[in-house]
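S.K.: Mind looking at a prediction? Sequence and model below.
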Amino acid sequence: MKKITLLFLLLNVSFLFAQKEISGVVKDASGAALPGVNIVEKGTQNGVSTNIDGAYKIKVQEGATIIFSYIGFTNVEKAATGSTINVVLSEEGGQALQEIIVTGSRTAPRSNTTTALPIDVISAKDLASTGQASFDKALQYKIPSFNTVQTPVNDATSLLDPYEIRNMGPSRTLILINGKRKNLSSLLYVQTSPGRGETGADISAIPTDAIERVEILRDGASAQYGSDAIAGVMNIILKKSTNGGSVTVRSGITAEGDGEMYGVSLNNGSEVGNGKGFVNYTVDFSKVSQANRPGKVDGGTKNLGPDNKPLSGGEYADFIYVDPNDPIYWDGGEKEVYPGANSASIKTDNSNGITQINDFLAKTPDAGNINGSPETAAAKFLVNGGFDLSENTQLYYNAAYVYKKVNSFANYRTPYWRTLSDFPYLKDFFGDGTPASYQGYVPTFTGDLNDYNGTLGYKAVQNGWNTDASITVGGNTQTYNVDNSHNRSDIKDENGANVYRENSPIFFKPGGTSFNHVVGNLDISKILSDKISIGFGSEIRTETFEVIEGEQSSWEGIGADSFAGNRPENSGKWNRYNLGGYFDVAFDVTEDFLINGTVRYEDYSDFGGATVWKLSSRYKFAEDKVTLRGSLSTGFRAPTLHQIYTQKSQYSFVAGEGIQVSGIINNVSPQARLIGVPKLDAEKSTNVTVGIGVKPSRDFNFTIDYYNIKVEDRIILGDIKSTPYGEVAWFENSFDSRTSGLDVVANYSNILLGEGKLGFNLSGNITFQNERISPVKSDNFGQTLESLMFTSRPVTKWILGSNYEIGKFGFSLNNTYFGKTTFNQAGLSSDLRTEFIPKMVTDLGVTFSATEKLTLSLNVNNLLNVLPEWEFKAENAAGTTLLSDPLQVQNQSNLITFNQRYSQMTYDGYHFSQLGTMFNLSLNYKF
C-alpha cells in the first residue's frame, strides 16, 4: 500500500520550468500546405497537428527538440530556437508509415527504427486499400501472423469471429485503444471450431475510418501491460485531425449475387476552445446481407445393405435407421431419450423413410440448409478529443458505442428428421395444417450486441516528468432470440396436458451474456539523461461477467430447438478485481546500443499474484543500416471470468450422431468438485524473440524476427465426457505448449516507372512448432481439439503486394498465400486426417482521384474466385487402404460435413473465406 501511495503522491510533485511557444507552417516541396502533420516534443507525449493551412502552435520546454512526421514524408527534427519554425517535408525517402511508436515501452516513445521490439505499423490508407468491410478482415490481408475467418456455425459465434496472432488464440492478444485496455467481448466460443474455449475483444466493432494507424507488437508484453499480452499487443491509435474530414459511401456484392454490402461513414474534426483543444468523431452505418454457400446433401440412401441398414462404416445423418430394442434412438437429429417412448410405435421398415428422403432432396438438394455469412447490420459511433488546461497540462478523452444485429440460421430440420409421426403438431406450426404442407423448418437466431468503451485522462509535463492518469470503462452485452422453433419436451401440467409440444411457443428469448470492466491507470516517465529513461505506474481493474437468464420456455426440458436458453441455476453475476504496478528503465549504453528492462507485479482477488519481467536490447551498426534486436520475457494470462463461471447446455454437431445436446460445467460448481475438476489458475509464459532489421537505402528495408513462446498450464475447454451429471465438458489447466516461428517483412518503394512510382512489399509468417509439449492432465483433450488448437490456422502465410501511383490513378495488387491447415474432426477415422490445400488469394484495387476532394475506389477481392479445398490424407497403411475404397471415403466425408451440408469447409472450420469473389465500390468526399 505504501508503494501505491507513493505513486499517487508523485502526481502532486510540481516543478517550475520555463516553457516557450513555437508556431509555424509545414509545407511540402511544392509549397503546398500539409494538414494533419504530427508535431511532437521529442521524449514526451506532448504533441499537436497542423491545421488545414499547415499551421501549428505548440508549447515546449526551453532547449527541446521538435519532431515533424507525416505519412509518406521524411521526418524532420528541429531545435526549439526562436518563436517561429517553418518546415518543408520531402517525399523523397519518406517513411511509408508513422515514425513515432508508443507501443512496447513504458518510457518515452521511440521511432520505429530505434525500438528494440518487432512492431508492425498499419496506416488508415493501408486498411482502406484492402476493401474489406470490417477492421478485423482488413488485418487478415495485411498482417501474416494475424488470422480470422467466419466459423461454419452461425449462432452466437456470428456476432464475433475468433481471431489470433501467431496461432495462439484470441485471448492471448491484448487490445488497446490509444494505449488503454479494450474490454473483452461477453461471448465465449464453445463450438468445435478455432478459438474454442476462449474469448477476445470485439475489434470488428471499431470503425475503420476512425483509425489513424494500428501498432501491432509481435512480442510478449505482460510486464508492460499485464494479463493477456502473451502473443502480442494491438494498439489502435485514433485520428486526431481537426481538418480534412470526409464522408465515405461503400457498396459491395459477391460474384454469386448475394452478400450485398452497403455502408456510409463520416469522419470529421475541429478545433475547440480557440485552438486549445481538438475533437475528432466518426459515425458509421453498414448492412451486409446474407451470403449462402450450402452443399448438396448426400441422403445416404444409395449404399444400403440388407434390411435397408447402412453398410459398415457408420450411420448417415439423413438416413432413418431405428433399433427397436433401443429406446435411445437415432432419428437423424439429436440422440435423446424420450420419456415413455414406445418402441413398438417406431417403424422398423425404413422403405417409406428412404422414399421420403429421396423425394425431399430431389426438390431441395441442399436440404434447406443456410450456411455462409449471416445478415449483419451495425451502427458505430466514436469520438476522440483533448483540451489544453494550461501550458503543461491536458485533458483527453475518447468514447465509442457500437450496436450490431446479426440474423443467422440453425441447421434445417427436414421433415424426415423432425417427423409428423413423432411431432404431429408441426404441420400446424410450420404448414397449413395438412401433412403435405409440412416440409420441415429452420430455426432462426438473432443476436443483439451492444459494445461501449470510454477513457477520460489527464496528462502533465512538469520539469521533464510525463504524468498520465486515466480511467477507462468498457462493456459488451449480447442478447439472443430464437424464432421459428419449438420446445418438444414431454412435460405435463397438473391436469396431464402437455406444457410444450403442441402448446409450445415458436419464439424464445434464451437470455445472453454481459461483460464490463473499469480500469484506472497511472503512468509516469522521465528522460533522466541522454542515456537513461525511466517509467513506472500502476493499474487497478475491476471486471464483471453476467450470464443473463432466459425465459422458462427456452430452457425447460430440452429447451428451444437449436439454442437452449440459460437456466436459472447457470445464470448470475460474478466479479473480481486486480491491482498491478510496474517499473521500466531504458539505458542507451551508446547511441547504438540500447538495453530495456521491465518488472511487473499483479494481484488478483480470485487466484493470487504474479510477478513477470522483460529484458530487451537493440544494437545498430553499419551507419544505422543494420539493427540487431532481441528480448526475453515472462508473462501470464489470468483465466477469464467467462472460463471460470460459464455453465450451460450446448447444441453441437457430432459426426455420425447429428446435432447433440451436451453441457459445460464450471470450475466452481459442486458438480466439478465431485468429479475432481480443479479450480483454474493463470497461464504462465516465457517468450524469446531475436531479430535483425536492414535498411540499406531510403527506399528498401526488411526485418526478420524469430519467436519462441512457451505457455505453461494452458487453459482448454476439453472434450465432452460421460459423468454422473451427463455428457459434459469443463475448463482446465491442461498442459504446456510451445509455439515458434519466423516473421518476415520487406518493403521496396519509390521505384520510378514512367510518370509514376512503384512499390513492393512482402511479409510472411512461418510456424516451426505449435504443439503440446507435456502430457494432458485429464483424459479430455483428444486429437480433434489438439488439431483445432495447433493446426487449424495456416502453417505459413505470405502477403506479396505491389502498388503503383500515376497521376490521378492508384493501383494495388495483393496476393495472400494461405498455407496448409490440418483438422482431425470428431468421428473421422483415426487413420485419416483432413488437410486444407494451400491457396493463393489475389486482390485488385483501383483508385481514381477525380478531383482534390472526390476519390473513387474499386476493389475486387479474391479476383480469381479461389475457394477453400480440402482432402483426406492417410496417417498410416490402414488409412491408405481406406482411401482406396470410394464408398468408405464418401462415408468419411459425410461424417465430417453433416452429409455434405458443409462440403466446402467441413463442420470444424477452414483457412479463408468461402464466399469467393467480392466486388466493392466506395466513394470518398473530403470536406
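M.R.: It's in.
S.K.: all strands of the stretch 251-400 of the chain, in order?
M.R.: 261-272, 277-288, 291-292, 328-329, 336-337, 372-373, 375-388, 393-409 (DSSP state E, counting those that start in this stretch).
S.K.: TSV for those, including mean pLDDT, distance to R218 and mean neighbour count?
M.R.: Any C-beta I mention is one placed from the backbone N, CA and C, and that applies to glycine too. What follows is these, written out as TSV (pLDDT from 0 to 100; distance: least, CB to CB, whole Å; neighbours: other CB atoms under 10 Å):
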stretch	mean pLDDT	distance to R218	mean neighbour count
strand 261-272	95	28	18
strand 277-288	96	27	20
strand 291-292	92	32	20
strand 328-329	28	50	14
strand 336-337	32	48	12
strand 372-373	87	29	23
strand 375-388	95	26	20
strand 393-409	95	25	19
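S.K.: what's the longest strand in the chain?
M.R.: Counting residues, the longest strand found in the chain (DSSP state E) is strand 731-753.
S.K.: Output that strand as PDB, restricted to C-alpha atoms.
M.R.: C-alpha atoms of strand 731-753 as PDB (Å, rounded to 0.1, in the frame of the first residue of the first chain):
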ATOM      1  CA  PHE A 731     -12.300 -25.900 -18.400                       C
ATOM      2  CA  GLU A 732      -8.900 -27.000 -17.100                       C
ATOM      3  CA  ASN A 733      -5.200 -26.000 -16.900                       C
ATOM      4  CA  SER A 734      -4.300 -29.000 -19.000                       C
ATOM      5  CA  PHE A 735      -0.800 -29.000 -20.400                       C
ATOM      6  CA  ASP A 736       2.200 -26.900 -21.600                       C
ATOM      7  CA  SER A 737       2.700 -25.800 -25.200                       C
ATOM      8  CA  ARG A 738       5.400 -24.300 -27.400                       C
ATOM      9  CA  THR A 739       4.900 -22.000 -30.400                       C
ATOM     10  CA  SER A 740       7.900 -20.900 -32.500                       C
ATOM     11  CA  GLY A 741       8.200 -19.400 -35.900                       C
ATOM     12  CA  LEU A 742       9.600 -16.600 -38.100                       C
ATOM     13  CA  ASP A 743       8.100 -13.200 -39.200                       C
ATOM     14  CA  VAL A 744       9.500 -11.600 -42.300                       C
ATOM     15  CA  VAL A 745       8.700  -8.100 -43.600                       C
ATOM     16  CA  ALA A 746      10.300  -6.400 -46.600                       C
ATOM     17  CA  ASN A 747       9.400  -3.100 -48.400                       C
ATOM     18  CA  TYR A 748      10.800  -1.500 -51.600                       C
ATOM     19  CA  SER A 749       9.300   1.800 -52.500                       C
ATOM     20  CA  ASN A 750       9.600   4.900 -54.800                       C
ATOM     21  CA  ILE A 751      10.700   2.900 -57.900                       C
ATOM     22  CA  LEU A 752      10.300   5.300 -60.800                       C
ATOM     23  CA  LEU A 753       8.300   3.700 -63.600                       C
END
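S.K.: how far does that strand sit from the chain's center?
M.R.: The gap between where strand 731-753 is centred and where its chain is centred comes out at 16 Å by CA atoms, centre = their mean, to the nearest Å.
S.K.: which strands and helices sit next to that strand?
M.R.: Counting by 3 or more CB pairs under 8 Å, 6 or more residues apart in numbering; DSSP states H and E, the packing neighbours recorded for strand 731-753 are strand 700-717, strand 756-772.
S.K.: ok so, going back, would you format the strands of the stretch 251-400 of the chain as JSON lines with distance to P794 included?
M.R.: Listed next are those as JSON lines, based on distance: least, CB to CB, whole Å:
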{"stretch": "strand 261-272", "distance to P794": "26"}
{"stretch": "strand 277-288", "distance to P794": "25"}
{"stretch": "strand 291-292", "distance to P794": "23"}
{"stretch": "strand 328-329", "distance to P794": "40"}
{"stretch": "strand 336-337", "distance to P794": "38"}
{"stretch": "strand 372-373", "distance to P794": "20"}
{"stretch": "strand 375-388", "distance to P794": "25"}
{"stretch": "strand 393-409", "distance to P794": "26"}
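S.K.: how about the ones you listed, which one is nearest Y907?
M.R.: strand 372-373 (13.9 Å; CB to CB).
S.K.: What strands line up against the closest one, and which way round?
M.R.: Counting by DSSP bridges, the strands paired with strand 372-373 are strand 291-292 (antiparallel).
S.K.: any idea which of the helices and strands packed on strand 731-753 is most buried?
M.R.: When you average the neighbours per residue for each of the helices and strands packed on strand 731-753 (mean count of other CB atoms under 10 Å), strand 700-717 leads with a mean of 21.
S.K.: can I have that one written out in CSV, keeping just the CAs?
M.R.: Extracted in CSV, the C-alpha atoms of strand 700-717 (Å, rounded to 0.1, in the frame of the first residue of the first chain):
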residue,chain,number,x,y,z
PHE,A,700,14.4,-0.5,-49.2
ASN,A,701,14.2,-2.3,-45.8
PHE,A,702,13.5,-5.7,-44.4
THR,A,703,13.2,-7.4,-41.0
ILE,A,704,13.4,-11.0,-39.9
ASP,A,705,12.3,-12.0,-36.4
TYR,A,706,12.3,-15.4,-34.7
TYR,A,707,10.0,-16.1,-31.8
ASN,A,708,9.6,-18.9,-29.3
ILE,A,709,6.7,-18.9,-26.8
LYS,A,710,6.3,-21.5,-24.1
VAL,A,711,2.9,-21.5,-22.3
GLU,A,712,2.6,-23.5,-19.0
ASP,A,713,-0.7,-24.6,-17.6
ARG,A,714,-2.6,-23.8,-20.8
ILE,A,715,-6.4,-23.4,-20.3
ILE,A,716,-8.6,-25.5,-22.5
LEU,A,717,-12.3,-26.4,-22.9
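S.K.: Following element in sequence after it, please.
M.R.: strand 721-723 (DSSP states H and E).
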